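>>> I would like to see how this sequence folds:
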Amino acid sequence: MLAEPPDRLRDKVRQKEGRDVDRTAAIVDSQSMRAAANIPGSTTGWDGGKRVGGRKRHLVVDCLGVLITSVVDAGWS
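Alright, predicted model coming up:
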């Protein structure tokens, strides 16, 4: 059995909750993550506001909390 693409699964969840499959709103958030000591400095950044060295992950979810997309970024400062 083949797994369904994430978009189709997300649509099924939205329909089950009585929502339209077309999203009209999204929530964007980011989180700074400390990098382990063995991670090269060229693949990490610095969050001056939180004073954390490492990587930052960004998540976009719909109003039900279902993941739309995610990005991990090392080039921030």
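
>>> Give me the sheet partners of the helix or strand of the chain with the lowest mean pLDDT and which way each runs.
Lowest by mean pLDDT, DSSP states H and E among the helices and strands of the chain is strand 45-47, with a mean of 79. As defined by DSSP bridges, the strand partners of strand 45-47 come to strand 52-61 (antiparallel).

>>> Let's see the pLDDT reported for Val52.
Per-residue confidence (pLDDT) for Val52: 80.

>>> and it, what is it in contact with?
Each residue near Val52 by Cβ atoms under 8 Å, 6 or more residues apart in numbering is listed here: Ser32, Met33, Arg34, Trp46. In short, each C-beta sits where N, CA and C put it, glycine included.

>>> What is the nearest of those to Arg8?
When those are compared for distance to Arg8 (Cβ to Cβ), Met33 wins out at 30.1 Å.

>>> residue ranges of the strands in the chain, please?
Taking DSSP state E as the test, the strands found in the chain are 27-34, 45-47, 52-61, 67-73.
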